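**Student:** any chance you can model this:
(chains A and B)
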2 protein chains.
Amino acid sequence: MSNSEHRKFLQLAIDLAVEGVKLDRGGPFGAIIVKDGEVVGTGNNRVTSTNDPTAHAEIVAIRNACQTLDSFHLKGCTLYTSCEPCPMCLGAIYWARIDRLFYACTQEDAAKIDFDDSFIYREIERPIAERQIPGIQLMNDRGLKAFQLWQQKTDKTPY
Amino acid sequence: MSNSEHRKFLQLAIDLAVEGVKLDRGGPFGAIIVKDGEVVGTGNNRVTSTNDPTAHAEIVAIRNACQTLDSFHLKGCTLYTSCEPCPMCLGAIYWARIDRLFYACTQEDAAKIDFDDSFIYREIERPIAERQIPGIQLMNDRGLKAFQLWQQKTDKTPY
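**Tutor:** Residues are numbered from 1 along each chain as shown, chains lettered A, B, ... in the order given. This next block holds a predicted model:
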């Protein structure tokens, strides 16, 4: 795909960010997903309008594209997002197995308008029990029983 | 809350993981969210059954709890999850502002049954352009226009 095509798709993502602000959907972020030159998914941030803290533009677009393609992965797809993804969205991008992404604003740009995700990057690096949201382990033996059930299941759908 | 109560809620999360395997919802993971001693959200992994790579147990439970509480944050809530959260879910937990979490299985336990998220932790630490899913920046000036619109908006809902 040519650079002008990438710019065209990234502009569509930015347009979705602008539309989201105008329509009170949530924060100023938009994303689209393209496969074989066709838009297969769109999204803008809907955290405040749908009471869903996971409804970042990239997550909304990934969920939308997966419905379009009737698949739980997005191999062969490119993500265009108006801003560099946060750690949550980056994780979703890896689980969706997207090929690559284009972005316009950086995480530093987002921090300047009070969408700062740098604390999450710092927290991820810390031991789980010492984080600001600490994680406490209990009942490992009980938890492993669910894993054993999965391993023994012969008709499962791995992913 | 007493340790026996934490164990009771964590067992409910494990039960949801087991139920998810038995009902073919997806991978062997379950989560519940508790506020003031009451269950306000539940979820199990539904990636393969709903074609949604973001439908991890914790994400499903967070979305469910936010609907129950009619809120886009979960301050004062505790998450009980059958397995240590992946980076995507950890990001969601921070955005949801959950107080703390209890978990049974570790990421190493999950890797042993082929749910390995260690590659995502490694990728997050690398420069965005050098990742296996590379990020390419274009059109920063265009992207910043959406941010300026947000800054100028006087009736916005910040979060």
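**Student:** tell me which other helices or strands the worst-scoring helix or strand of chain A on mean pLDDT touches.
**Tutor:** Least confident helix or strand, chain A: helix A:118-124 with a mean of 94, by mean pLDDT, DSSP states H and E. In terms of contacts (3 or more CB pairs under 8 Å, 6 or more residues apart in numbering or on different chains; DSSP states H and E), helix A:118-124 is packed against helix A:87-96, helix B:87-96, helix B:118-124. In this view, the C-beta of every residue, glycine as well, is placed from N, C-alpha and C.
**Student:** list the buried residues in the strand or helix carrying A:Asp15.
**Tutor:** According to DSSP states H and E, A:Asp15 maps onto helix A:3-22. Neighbour-count burial for helix A:3-22 flags A:6-7, A:9-18, A:20-21 (criterion: 16 or more other CB atoms under 10 Å in any protein chain shown).
**Student:** what's the distance between the residue nearest in space to the middle of chain A and chain B?
**Tutor:** Central residue of chain A (CA atoms, centre = their mean): A:Cys89, 2.7 Å from the mean position. Applying CB to the nearest CB, to the nearest Å, the value for A:Cys89 to chain B is 7 Å.
**Student:** which SS state does the most far-flung residue of chain A relative to its centre fall under?
**Tutor:** Of all residues in chain A, A:Asp141 has its C-alpha farthest from the mean position, at 32.1 Å, by CA atoms, centre = their mean. Here A:Asp141 takes the helix state, with states given by DSSP: H, G, I helix; E, B strand; the rest coil.
**Student:** show the pLDDT at it.
**Tutor:** Here the pLDDT value assigned to A:Asp141 is 97.
**Student:** let me see the contact set for it.
**Tutor:** Contact analysis of A:Asp141 by CB atoms under 8 Å, 6 or more residues apart in numbering or on different chains lists nothing.
**Student:** could you do A:Thr68 as well?
**Tutor:** A:40-41.
**Student:** what about 10 Å?
**Tutor:** Applying CB atoms under 10 Å, 6 or more residues apart in numbering or on different chains, we find A:Thr68 in contact with A:33, A:35, A:38-42, A:74, B:51.
**Student:** do the same with A:Asp117
**Tutor:** A:83-90, A:107, A:110-111, B:91, B:94-95.
**Student:** need the residues you listed in TSV (columns: pLDDT and distance to A:Thr154).
**Tutor:** Converted to TSV, these look like this (pLDDT from 0 to 100; distance: CB to CB, whole Å):
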residue	pLDDT	distance to A:Thr154
A:Cys83	98	44
A:Glu84	97	42
A:Pro85	97	37
A:Cys86	97	38
A:Pro87	96	36
A:Met88	97	34
A:Cys89	98	35
A:Leu90	97	34
A:Gln107	95	44
A:Ala110	96	46
A:Ala111	95	49
B:Gly91	97	34
B:Tyr94	97	38
B:Trp95	97	38
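**Student:** once you drop chain neighbours, what's closest to A:Tyr94?
**Tutor:** Nearest non-adjacent residue to A:Tyr94, counting by CB to CB, 6 or more residues apart in numbering or on different chains: B:Ile120, 4.8 Å away.
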